[in-house]
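Visitor: Prediction below, plus the sequence it came from.
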Amino acid sequence: MTGGLELKKEILLALGKTPIIKDKKFIIEPNEWLVPIKNTYPALEAEYLRLEPTKMPINKAKTEALASVRAHWLHLMDEVRNVIEQRNIYIPNLNKCANR
């Protein structure tokens, strides 16, 4: 990632609070808008992985099952977006990183 130290700090603070490095692992307490993702993602990932091509060939049932996973993911993103908008949470402009 390119960008100055200030931009990196902005991004970290947008993601969470009390960032620390412990036993060579980065640990951060997620901000409230990330909590729905933290709580919902494991179940979504398990559902998605169950549909991997090696376990289930591509067919109508798999396509419908993947549509269900996408619908759950979109609902989760709507929840996150609502929290961000309702609480007027600042998200840094990541395009600053891409343009360097």
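Guide: Good, I have the coordinates. Numbers count the residues shown, from 1 in each chain.
Visitor: Could you check the pLDDT of K22?
Guide: As predicted, K22 sits at a pLDDT of 89.
Visitor: swap in E32?
Guide: For E32, the predicted pLDDT is 83.
Visitor: So L13 versus I58, what's the distance?
Guide: From L13 across to I58, the span is 42 Å (CB to CB, to the nearest Å). Any C-beta I mention is one placed from the backbone N, CA and C, and that applies to glycine too.
Visitor: Can you pick out the residue with more neighbours from the two?
Guide: More neighbours surround L13 than the other of L13 and I58, with 14 against 10 (other CB atoms under 10 Å).
Visitor: Am I right that V35 is in a helix?
Guide: Yes - with DSSP: H, G, I helix; E, B strand; the rest coil as the criterion, V35 is part of a helix.
Visitor: and it, how far is that from Y48?
Guide: Using CB to CB, one obtains 20 Å as the distance from V35 to Y48.
Visitor: ranges for the helices of the protein?
Guide: Counting by DSSP state H, the segments of the chain that form helices are 5-15, 35-50, 60-86, 95-98.
Visitor: of all the ones you listed, which lies closest to I27?
Guide: Nearest of these to I27, taken as CB to CB: helix 5-15 at 11.7 Å.
Visitor: and the direction of that closest one versus that of helix 60-86, what angle?
Guide: Angle, helix 5-15 to helix 60-86, by axes from the mean of the first three to the mean of the last three CA atoms, to 10 degrees: 110 degrees.
Visitor: What average pLDDT does helix 5-15 get?
Guide: 83.
Visitor: quick one: buried residues of that helix?
Guide: L7, E10, I11, A14, L15 (16 or more other CB atoms under 10 Å).
Visitor: Which pair of those residues spans the longest distance?
Guide: L7 and L15 (13.0 Å).
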